[in-house]
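Colleague: give the three-dimensional model of this entry:
(2 chains)
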Amino acid sequence: MHTTTDNAAAEQAVPPLVRLCSGVLPVWARHLAASRAQSETAVSEMMQAFASISPHLQAAQRQSQEITAALSQGDGTITGLAQACESALAPLRGHAGLPAGGAAAIDTALALVHNAVQAIEQINTPFSHETYAVAAQVERMYIGFQYQDRISQMIALLESDIARLQESLGSSASDTPDLQAWLSRLEAQYAMAEQRQSHAGGPDTGAAADNETTFF
Amino acid sequence: MAKTILVVDDSASLRQVVKMALTGAGYNVLEAGDGQAALALLDGRSINMVVCDVNMPVMNGIEFVKAAKQLPAYKFLPILMLTTESQEEKKEQGKAAGAKAWMVKPFAPTQLVNAVSKLCT
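Modeller: Take a look at the predicted model:
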């Protein structure tokens, strides 16, 4: 049966650096785990909020496209209506049976139609521009949200490697793998180009810009 | 009738990003958190395509593709790998397993929707 004296002696036999690491590594691991959990919670909250406004943004964009289509050239559109009025009424201006003031009334009516069409076009132009600008920013947000996934993967790997080191500290010296074997095993678990760059001590160039889809 | 896409990823937030992009384009979306959970959904139901991560717990994406291709009803189901992995060696593994395309995260929603509409049966 071990005594308090035996335990103290065994503890003294452990090299100070190993004792230090055994105490510090679990704290580091807990901090990393908490950071990862918090970033996941934060992004999840943002995603839920974004999910509730996204359909409205899409609806606004669809409406803008429909208005643009309704205004564009062709039969049945608002521009087409103005042209149809012009075609139907303009020839009547010189008609012999037209009552006094008839030509002026036709011109007034055509001017009103043209003004109305122009006003609708002017209203839609900035609306259309804004919805496209919003759509472009929404696209950027979708991309931005995905960086949390990359960060989470990198932190999870560090957590696992810290746990491995902690375990290794508790084993006998003969069981401890050498540095190269350790690093090789760590490197084999990388998924992202920036992890390999960091491992090699290269400059941090951020996430790889591989935006192509490879079809097999 | 809207086509159904099965999205497989262990990250709930990433699944949500993919779901929003695809539902916005008119697709129905089913979700699974790993390959094994995804296989359980291949139970005869109508699924037009799978969008699948590679690195996942329990069953990874490559193992899932191999297992899905063994199921007669889903043998020709198109699978797009959506992953942070960009190494050619990994892409070759995906291709050998039976995946139809490989896309690296982070992706633009229009890029994903274009690929899905190209592959979706």
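Colleague: quick check: which ranges of the chain have low pLDDT?
Modeller: As the question left the chain open, I've gone with chain A. Applying pLDDT under 70 to chain A flags the ranges A:1-6, A:9-12, A:72-76, A:172-174, A:204-211.
Colleague: look at chain B instead
Modeller: B:121.
Colleague: chain A contacts on that one?
Modeller: B:11-14, B:16-17, B:20-21, B:24, B:54-55, B:83-86, B:91, B:94-95, B:99-111, B:114-115, B:118-119 (CB under 8 Å from any CB of the partner chain). In short, each C-beta sits where N, CA and C put it, glycine included.
Colleague: out of those residues, which are buried?
Modeller: B:11, B:13-14, B:16-17, B:20-21, B:24, B:54-55, B:83-86, B:91, B:94-95, B:99-109, B:111, B:115, B:119 (16 or more other CB atoms under 10 Å in any protein chain shown).
Colleague: just checking, what's the longest helix in chain B?
Modeller: helix B:12-24 (DSSP state H).
Colleague: how far is that helix from where the chain is centred?
Modeller: In terms of CA atoms, centre = their mean, to the nearest Å, the centre of helix B:12-24 is found 12 Å from the chain centre.
Colleague: sorry, back to before: keep only those of the residues of chain B next to chain A that are in helices.
Modeller: Short answer: the residues of chain B next to chain A in helices (DSSP H) are B:12-14, B:16-17, B:20-21, B:24, B:91, B:94-95, B:109-111, B:114-115, B:118-119.
Colleague: buried sites along the helix or strand following the longest helix of chain B?
Modeller: As assigned by DSSP states H and E, the chain's next helix or strand after helix B:12-24 is strand B:28-32. Applying a neighbour-count criterion of 16+ other CB under 10 Å, one finds B:28-29, B:31-32 buried in strand B:28-32.
Colleague: contacts for strand B:28-32, please.
Modeller: B:2-8, B:15, B:18-19, B:22-23, B:38, B:40-41, B:47 (CB atoms under 8 Å, 6 or more residues apart in numbering or on different chains).
Colleague: still on that earlier bit, contacts for the longest helix of chain B, please.
Modeller: Contacts for helix B:12-24 (CB under 8 Å, 6+ apart): A:40, A:43-44, A:47-48, A:50-51, A:54-55, A:58, A:142, A:145-146, A:148-149, B:5, B:7, B:9, B:29, B:31, B:33, B:51, B:53, B:82, B:105, B:109, B:112-113, B:116.
Colleague: are any of those buried, and which?
Modeller: Buried among the contacts of helix B:12-24 by 16+ other CB under 10 Å: A:40, A:43-44, A:47, A:50, A:54, A:58, A:142, A:145-146, A:148-149, B:5, B:7, B:9, B:29, B:31, B:33, B:51, B:53, B:82, B:105, B:109, B:112-113, B:116.
Colleague: what angle sits between the longest helix along chain A and helix B:12-24?
Modeller: Scanning chain A for the longest helix, with DSSP H as the assignment, gives helix A:16-71. Computed by axes from the mean of the first three to the mean of the last three CA atoms, to 10 degrees, the angle separating helix A:16-71 from helix B:12-24 equals 10 degrees.
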